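Participant: Please work out how this folds:
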Amino acid sequence: MKKYEGLFIFPPEITGESHKDPAAEVVKWIEKFEGKVIQKTDLGKKPLGHMIRKYKDGRTFVFEFEMDPSRAQDFRKELELQENLLRYMVSILVKKPALPPLPVAPAATPKA
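Facilitator: Just a heads-up that it's a prediction; the model follows:
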């Protein structure tokens, strides 16, 4: 299992009985491909850099999840088919190891 991070942008006014909770939809998609959600962050309504399908704003979520790499490509194909998803980006989450502290140079003594 590899760790992934996904950014999902939905139309801003997803409410009412006809629309499902977008965060629950993403969890359902991840679990459909045998993934496991580690962390979910709702960034709320954000302005988009350019209009997407006539929307100036989008409701944005960030998910950190684990999934078998062999299932990740099928997961991306499933996302392409979702009509209520404006944009998405899924990338492998790489945690960089902590760097050792840099050595401190000795203070220079002024010559008289």
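Participant: Residues touching the biggest strand by length in the chain, excluding its own?
Facilitator: If each strand of the chain is counted by residues according to DSSP state E, the longest one is strand 36-52. Outside strand 36-52, the residues that touch it by C-beta atoms under 8 Å, 6 or more residues apart in numbering are 1, 3, 9, 12, 23, 26-27, 30-31, 55-67, 86-87. Where you see a C-beta, it was placed from the backbone N, CA and C, and this is true even at glycine.
Participant: cutoff 7 Å now
Facilitator: If you take C-beta atoms under 7 Å, 6 or more residues apart in numbering as the criterion, strand 36-52 is touched by 12, 23, 27, 30, 55-66, 86-87.
Participant: Buried subset of the residues you listed as a PyMOL selection?
Facilitator: Here is the PyMOL selection string for the buried members of the contacts of strand 36-52, based on 16 or more other C-beta atoms under 10 Å:
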select buried, resi 12+23+27+30+55+57+58+59+60+61+63+65+86
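Participant: what helix or strand is E25 on?
Facilitator: Counting by DSSP states H and E, the secondary-structure element that holds E25 is helix 22-32.
Participant: List the neighbours of that helix that are in contact with it.
Facilitator: By C-beta under 7 Å, 6+ apart, the residues outside helix 22-32 that reach it are 8, 10, 14, 37, 40, 42, 59, 61, 63, 65, 67, 75, 78-79.
Participant: For this structure, give me the ranges with low pLDDT.
Facilitator: With pLDDT under 70 as the threshold, the chain has low-confidence stretches at 14-19, 107-108, 110-112.
Participant: if we can go back for a sec, out of the contacts of helix 22-32, flag the one nearest to P97.
Facilitator: Taking C-beta to C-beta as the measure, P97 lies nearest F65 of the contacts of helix 22-32, at 21.8 Å.
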